[in-house]
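Colleague: give the three-dimensional model of this entry:
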Amino acid sequence: MGKDSKPKDSAGKGKGKQPAGGGDDGGSKGKGKGGKGDGLGTCTYVKARHILCEKQGKINEAYKKLQDGWLSNGDKVPPAEFAKLAAEYSECPSGKKGGDLGWFPRGKMAGPFQEVAFNTPVGVTSAPFKSTHGYHIILSEGRKN
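Modeller: Residues are numbered from 1 along each chain as shown. Below is the predicted model of the structure:
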């Protein structure tokens with residue numbers, strides 16, 4: 001009985017009506033837990049790159065390079081350029097691959113990392129944030145259900 005509490009249009013029958021406040025261009029499948037109406041928190045998979053540093057000063061230095069090169073102009077950071085900084089700054093083994101984490105499902109990454117990864121729009125670089133592993137910057141490269 002509990003399954004009927006949420007709309008479930010998983011068959012994709014295209015019922016034209018959505019619950020009040022539903023976003024027009026993202027995830028109308030009712031699967032997501034985000035419920036923000038922007039489609040960001042509703043995808044199932046994210047493709048991302050990241051930079052991980054143990055020290056806040058080091059992640060801030062990497063972020064400043066991103067700001068000086070692109071972010072201060074309102075530009076999006078090209079993945080190839082983000083990859084160069086990840087190779088230079090990241091202390092994660094993925095740094096050797098330009099910080100590439102590939103596609104990962106909701107529930108695979110812990111706490112704040114998952115939250116930021118699934119709520120950063122495609123092509124956008126997150127601000128530095130802290131997780132249990134250290135300090136991160138994420139570049140969102142894709143999302144899918």
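
Colleague: which residues of the protein score low on pLDDT?
Modeller: Applying pLDDT under 70 to the chain flags residues 1-41.

Colleague: in it, which spans are strands?
Modeller: 45-53, 100-105, 129-131, 134-144 (DSSP state E).

Colleague: make CSV from these and add mean neighbour count and distance to Gly74 to it.
Modeller: Every C-beta, even on glycine, is put in place using the N, C-alpha and C of the backbone. Formatted as CSV, the strands of the chain follow (neighbours: other C-beta atoms under 10 Å; distance: least, C-beta to C-beta, whole Å):
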stretch, mean neighbour count, distance to Gly74
strand 45-53, 24, 20
strand 100-105, 15, 25
strand 129-131, 14, 21
strand 134-144, 21, 16
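
Colleague: and the angle from the lengthiest helix in the chain to strand 45-53?
Modeller: As assigned by DSSP state H, the longest helix anywhere in the chain is helix 56-69. Going by axes from the mean of the first three to the mean of the last three C-alpha atoms, to 10 degrees, helix 56-69 is angled at 120 degrees with respect to strand 45-53.

Colleague: coming back round to it: I'd like the strands of the chain as JSON lines, with distance to Glu61 appended.
Modeller: Listed next are the strands of the chain as JSON lines, based on distance: least, C-beta to C-beta, whole Å:
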{"stretch": "strand 45-53", "distance to Glu61": "9"}
{"stretch": "strand 100-105", "distance to Glu61": "21"}
{"stretch": "strand 129-131", "distance to Glu61": "16"}
{"stretch": "strand 134-144", "distance to Glu61": "11"}
